[in-house]
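Trainee: Quick check, what structure comes out for this input:
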Amino acid sequence: MTQHSHRSGRPLTAVVIAATLATGWLAAAGPATAAATGGAATGGSAGVAAAGSAGPGGPLACASPPAPGMTACQLAVAPRTGPADGVRAGAAQSGAAQSGAAQSGAVQPAQAAGPVGYSPAQLQQAYQFQSASEGTRITVAVVAPYDDPDVASDLAAYRTQYGLPACPQTLSTSAPACFTEISESGALITSGSGTAPASNASWALQTSAQVDAVSAICPNCDITLVEVNSPAITDIGAGVNFAADLSTQVITIGDAEPEANSDPTWDTAYFDQSGIAITAAAGNGGYSTTGVDYPAASPDVTAVGGTTLTPSGTGTCTAALAGTRGWCEQVWNDADGASTSACSLYETEPSWQKSGLPAGDTGCGSLRTVADVSADADPATGIAVYDSYAEGGWQPAAIGGTSVAAAIVAGAYALAGLPASGTFPASYPYGHTTGLNDVTTGNNNTTASPACSPAYLCTAGTGYDGPTGLGTPAYLTAFSHPGSFTGEIFNGVLGKCLDDNGGKTTNGNKVDLYGCNDNSASQIWTVEANGTIQIQGHCLDDSKSGTANDNPVDLWTCNNTPAQVWLPQSDGALLNPLSGRCLGVTNGDTADGTQLWIYNCDGQDTQDWTMPYPVPSSGPGEIHSGVAGKCVDDYQSGTTNKNKVDIFTCNNNGTSQQWTVENDGMVQINGKCMDITSSGTTAGTLVDLFTCNGTGAQQWRAEPDGAMLNPESGLCLDAPGTANNTQLVIEPCNQTTAQQWTLPPLS
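Mentor: Next up, the predicted model:
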């Protein structure tokens, strides 16, 4: 079961997505040509392919590596010739519902103002991320050289611009918050603390771009920025180790150096981190005849290549090519850089990669091939970035590079939930290849490397290829451990779920809307990487492959037909690409047992589906208040229904304060659940204990700003006073200390 996010109460990311998509965007520049005019590939791509980050004649985006063993950033910035370059994201969120045009491949209306570059809503729509309901309690670490002294305030400006949840900075080790900035030795960095490494304006832009990209993809994630002393691979590795010691679930690295024969030693020392997803920029230098870049070459990381991402109706991206997704992608390769690919000189091919390469592959023999997956990296179709440290704030051109692509994929891993202990998440995409957009157009040949053999090492094609790997994210299943996405699928109508009527398994059994019933067999669905949604060995099916409005949806034996493919959309819709229509009900009927149908995608609550998300569980342990020394308390350790939940002096793990945060969104103690009295949804309603029943009154979601949100009411858990035994209530979310809660560590 997952926490349900609905559209009233506190503004949630799903609303912002719908609003931003409704306001639209300016058309991006046309896709890059297949043959690049620049970039160097010799010895990997550590040389930076970027224009001056402060405009023509300004400083480079990152300095070139001064010596062997030093990495270079993999940022790419298009020439700054004015605001018409790149794409314009649009500043306003009008509150309008998405019309469904993006799902049908229609061009969006132009937006006259706003930062240049793709917005969070556009990235989430392009890669089908339902970011409003996922990523809770997952931490993404960005490992970056040098200090960006303005990064916390810049991040706040970025998130405010796009209506993302606030992400306050940790100011002391006893007050954890959404954004934490530390040195490679683990010292907390705050303004004027003196613990930061040397600041460096040339590298700050990449740091801001990575942090903004993670925020765009996973607004509910916590972010830890590990600022290391230099670009040396040993410093980068030390930062990775420290992030791992903090139990970070995802780590992203935007830097790279030409590989060396010592790299397998660094694998063992730094990157062999089971149970942690590590993404690394593949590089910006195109196909290489003399090895690839490190640490992307390490078999322990996910090497991320780059694409050019354009919406339907832009340049050569016709509606036919864009399909129901509404976007086109090809290999990034233009004057600003090209995605790096090649065979490693020193790294052994991991077993999972061998299974994903073309049959009879002889391209790299027993050596590792780069890349694994890919995402948008072309600065001509790049992201909006806010960086004020010698950069003036909003950048006048969109920002790209495989460092950005690696951060996007890191966000995808985070949205997919907690990696399984003892596994290597780099293997996940190879076991879920149907959960990726296969990029089949373009190549990364440059003037320094005009040809390759076999062709797939530098030319996109069906299945695996070097420049884009297995493809780009299509929802999250490719980045999850098998079986992760199982549970209830909530509807936008409060308390309603996707239901197999009567729990039957006969072909043709109707699929309906029904009250959520706490994980009964009729409502436990599994979202598969091939686009099917399954229950009890059967698939959600568009009956008789109908394509007209009001065609019924039923249950049927899984048969690998388009009638059983459902693509999650960023606004919560489930799109059936065969018909181009979305799963919902007719005429707004929401009574229990109402048959589900396909209908024009219209952005209504009845077409809003929150997919299962494996929220990490924690406890038992104390839930600390923002009021120093106070904890959430089960009054006198009571076990009766309606026993009050209060605030009380922390009692060193006494029985009244040993709470468990479950992965189904419930918070439990002494056999009962934290509950809103009588399922109230108004401000001031009391919070008590009650028999666990899976209702919306018992759903709590940890927010990045430290609040505990009840999605059913849109209100937050609140302590109306600081005296012992003060009963907790729900109130409008206001980011005060009365609504700050620190949950037990992840278990």
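Trainee: Please count neighbours and contacts with C-alpha atoms only from this point.
Mentor: Noted.
Trainee: Using the centroid of this structure, identify the residue furthest from it.
Mentor: What lies farthest from the middle of the chain is residue 636; by Cα atoms, centre = their mean that is 41.2 Å.
Trainee: Quick check: the gap between that one and residue 482.
Mentor: 42 Å (Cα to Cα, to the nearest Å).
Trainee: quick revisit: surely the residue farthest from the centre of the chain and residue 651 touch.
Mentor: No. In this structure, residue 636 is not within contact of residue 651 by Cα atoms under 8 Å, at 11.8 Å.
Trainee: give me every residue that touches the residue farthest from the centre of the chain.
Mentor: Taking Cα atoms under 8 Å, 6 or more residues apart in numbering, we find residue 636 in contact with residue 656.
Trainee: Same check on residue 430?
Mentor: Residues counted as contacts of residue 430 (Cα under 8 Å, 6+ apart) are 352-353, 355-356, 470, 478.
Trainee: Neighbour-wise, give me the winner out of those residues.
Mentor: The most crowded member of those is residue 470, carrying 31 neighbours; neighbours defined as other Cα atoms under 10 Å.
Trainee: check contacts around the closest residue to it other than its chain neighbours.
Mentor: Excluding its sequence neighbours, the residue lying closest to residue 470 (Cα to Cα, 6 or more residues apart in numbering) is residue 464, at 4.7 Å. Neighbouring residues of residue 464 by Cα under 8 Å, 6+ apart: 356-358, 456, 470-471.
Trainee: Tabulate the residues you listed (JSON lines), appending distance to residue 711, secondary structure and pLDDT.
Mentor: As requested, those are exported to JSON lines (distance: Cα to Cα, whole Å; DSSP: H, G, I helix; E, B strand; the rest coil; pLDDT from 0 to 100):
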{"residue": "356", "distance to residue 711": "40", "secondary structure": "helix", "pLDDT": "71"}
{"residue": "357", "distance to residue 711": "43", "secondary structure": "coil", "pLDDT": "76"}
{"residue": "358", "distance to residue 711": "46", "secondary structure": "coil", "pLDDT": "70"}
{"residue": "456", "distance to residue 711": "47", "secondary structure": "helix", "pLDDT": "93"}
{"residue": "470", "distance to residue 711": "36", "secondary structure": "coil", "pLDDT": "95"}
{"residue": "471", "distance to residue 711": "34", "secondary structure": "coil", "pLDDT": "97"}
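Trainee: Looking at those residues, which two lie furthest apart in space?
Mentor: The largest separation in those, counting by Cα to Cα, is between 358 and 471 at 14.0 Å.
Trainee: Have a look at those two and say which one is more surrounded.
Mentor: Between residue 358 and residue 471, counted using other Cα under 10 Å, the more crowded position is residue 471 (32 against 14).
Trainee: That one and residue 373 touch, don't they?
Mentor: Yes. Between residue 471 and residue 373 there is a contact under Cα under 8 Å: 5.2 Å.
Trainee: quick one on the thing from earlier: and the contacts of residue 430, which is closest to residue 202?
Mentor: Within those, the smallest distance to residue 202 is 32.4 Å, found for residue 470 (Cα to Cα).
Trainee: Next up, the contacts around the closest one.
Mentor: 356, 372-374, 429-430, 433, 436, 438-439, 463-464.
Trainee: swap in residue 317?
Mentor: Counted by Cα under 8 Å, 6+ apart, residue 317 has contacts 31, 310-311, 327-328.
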